[in-house]
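Student: Okay, structure incoming, though there's no sequence with it:
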């Protein structure tokens, strides 16, 4: 059966025939047992073994892979597979144990932009909510690699992916936040806000808000760097998520009652008030559907107005702060998704997947690899 997809329809029929009570129990024959085990094993992937194979490919020099006909699309597909494996925290940590971090970080310097971007995505998955891998990536100089991409890569998509990886790497990671600040990270974030890419702007604004919540004294730093003026401008963006993220950042500054942040925001008082009045007017003209989608924006506009001018916004008078039904109890969704215990054990034909679905075997990208000397050099690199 090697190399062929298992006959799942036959396996299902065989299992039902031997477990639904229609036939008396009987012992497996050696032939049945062998067939059953082959069917199961053919669908089972040894994840650690597969990650070792991927690591070997990543250690192979780019020119060697190209000579063997491996394309950037092939490598991107391989990184897609790796990302699926490391969604498990245990597998993410195992990737370090088998030596996978250094070659993965080296892919952040790949000559193909799509490979650099995908490698940054894999790093994001590895370090997300994973303190151990955060520390290991920091020790492998991962933040330096990512910061270089974030601030200087010619491809804005790569810069955006690198910033996403940085955000996951330093979240709930005090040494990471400190290293980012010392690397002049706020200057990089200011440049990101000036980008024309709304995705890049969103990620930068979200990270700014997080950093300000974690350390309110940073409000003075970003004020000195001229962030308030940029954020006031972005709060009128056509993109809802950019507007909301900019308003969150401004609200953090407004709540900081001491130091230069309050003074700098006061200097923007006229522009800020005009902005909020314009947003209230824009909200007033929204359709019911758009009003529902802009719930957070409505709350942020009102909170920012109250923090800056010590009075509620006109959204209260207009009845637009809380719409009918928004303060009602949440709908009962449990009964829709959780059946009674006895019913849950009843076979449901609707849950049986059609036999047209087949699981593809992941491609094995594995060349002959570099000669021993070059492989030793690759393993020894820390950058």
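Tutor: That came in fine, so what should we check first? This one's a predicted model, so the numbers in the text were calculated from it and none came from an experiment.
Student: Verify the contact between residue 198 and residue 234 for me.
Tutor: No: between residue 198 and residue 234 there is no contact under CB atoms under 8 Å: 9.4 Å. Where C-beta positions appear, they are placed from N, C-alpha and C, glycine not excepted.
Student: Neighbour count for those two, which is higher?
Tutor: Set residue 198 next to residue 234 and count neighbours by other CB atoms under 10 Å: residue 234 wins out with 23 against 14.
Student: So for that one, what's the nearest residue that isn't a sequence neighbour?
Tutor: residue 246 (4.0 Å; CB to CB, 6 or more residues apart in numbering).
Student: Could I get the contacting residues of the one you found?
Tutor: Going by CB atoms under 8 Å, 6 or more residues apart in numbering, residue 246 touches 205, 231, 232, 234, 235, 237.
Student: what's the neighbour count on the closest residue to residue 149 other than its chain neighbours?
Tutor: In this structure, residue 149 finds its nearest non-sequential neighbour in residue 162, 3.7 Å apart by CB to CB, 6+ apart. Look at residue 162: counted by other CB under 10 Å, it has 30 neighbours.
Student: And for residue 148?
Tutor: 14.
Student: got a pLDDT number for it?
Tutor: pLDDT recorded at residue 148 is 97.
Student: gap between it and residue 204?
Tutor: 17 Å (CB to CB, to the nearest Å).
Student: Could you do residue 147 as well?
Tutor: Residue 147 is 13 Å from residue 204, by CB to CB.
Student: quick one: contacts for residue 225?
Tutor: 186, 187, 190.
Student: Hmm, the last one is touching residue 224, no?
Tutor: No: taking CB under 8 Å as the definition, residue 190 is not a contact partner of residue 224, at 10.8 Å.
Student: between the two, which one's more packed in?
Tutor: Taking neighbours as other CB under 10 Å, residue 190 and residue 224 compare with residue 190 leading, 17 against 12.
Student: Skipping its backbone neighbours, what lies nearest that one in space?
Tutor: Leaving aside its sequence neighbours, residue 190 sits nearest to residue 225 (CB to CB, 6+ apart; 5.5 Å).
Student: Centre of the chain to the host helix or strand of the residue nearest to residue 234, how far?
Tutor: Per DSSP states H and E, residue 246 falls inside helix 240-255. For helix 240-255, the separation from the chain centroid amounts to 21 Å (computed by CA atoms, centre = their mean, to the nearest Å).
Student: next one: stretch 128-140
Tutor: The chain centre lies 15 Å from the centre of stretch 128-140; the measure is CA atoms, centre = their mean.
Student: And residue 67, how far from residue 106?
Tutor: Distance of residue 67 to residue 106, given as CB to CB: 19 Å.
Student: where do the helices sit along the stretch 51-200 of the chain?
Tutor: 62-67, 72-85, 89-97, 101-106, 113-127, 131-139, 142-152, 156-170, 174-182, 185-193, 198-214 (DSSP state H, counting those that start in this stretch).
Student: got the angle for the fifth one vs helix 142-152?
Tutor: This means helix 113-127. Per axes from the mean of the first three to the mean of the last three CA atoms, to 10 degrees, the angle that helix 113-127 makes with helix 142-152 is 140 degrees.
Student: what's the spacing between helix 113-127 and its chain's center?
Tutor: For helix 113-127, the distance to the chain centre is 10 Å (CA atoms, centre = their mean).
Student: Same check on the longest one?
Tutor: In terms of CA atoms, centre = their mean, the centre of helix 198-214 is set 14 Å apart from its chain centre.
Student: I'd like to know which elements that helix is packed against.
Tutor: Helix 198-214 makes packing contacts with helix 156-170, helix 185-193, helix 218-224, helix 227-234, helix 240-255 when contacts are defined by 3 or more CB pairs under 8 Å, 6 or more residues apart in numbering; DSSP states H and E.
Student: Could you identify which of those helices is most buried?
Tutor: Greatest average neighbour count among these goes to helix 156-170 (a mean of 24), per mean count of other CB atoms under 10 Å.
Student: and that helix with helix 131-139, angle?
Tutor: Interaxial angle, helix 156-170 versus helix 131-139 (the same axes, to 10 degrees): 120 degrees.
Student: rewinding a little: could the contacts of residue 246 be laid out in JSON lines, adding pLDDT and distance to residue 93?
Tutor: JSON lines is the format used below for the contacts of residue 246 (pLDDT from 0 to 100; distance: CB to CB, whole Å):
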{"residue": "205", "pLDDT": "97", "distance to residue 93": "31"}
{"residue": "231", "pLDDT": "96", "distance to residue 93": "38"}
{"residue": "232", "pLDDT": "94", "distance to residue 93": "43"}
{"residue": "234", "pLDDT": "97", "distance to residue 93": "38"}
{"residue": "235", "pLDDT": "96", "distance to residue 93": "41"}
{"residue": "237", "pLDDT": "95", "distance to residue 93": "39"}
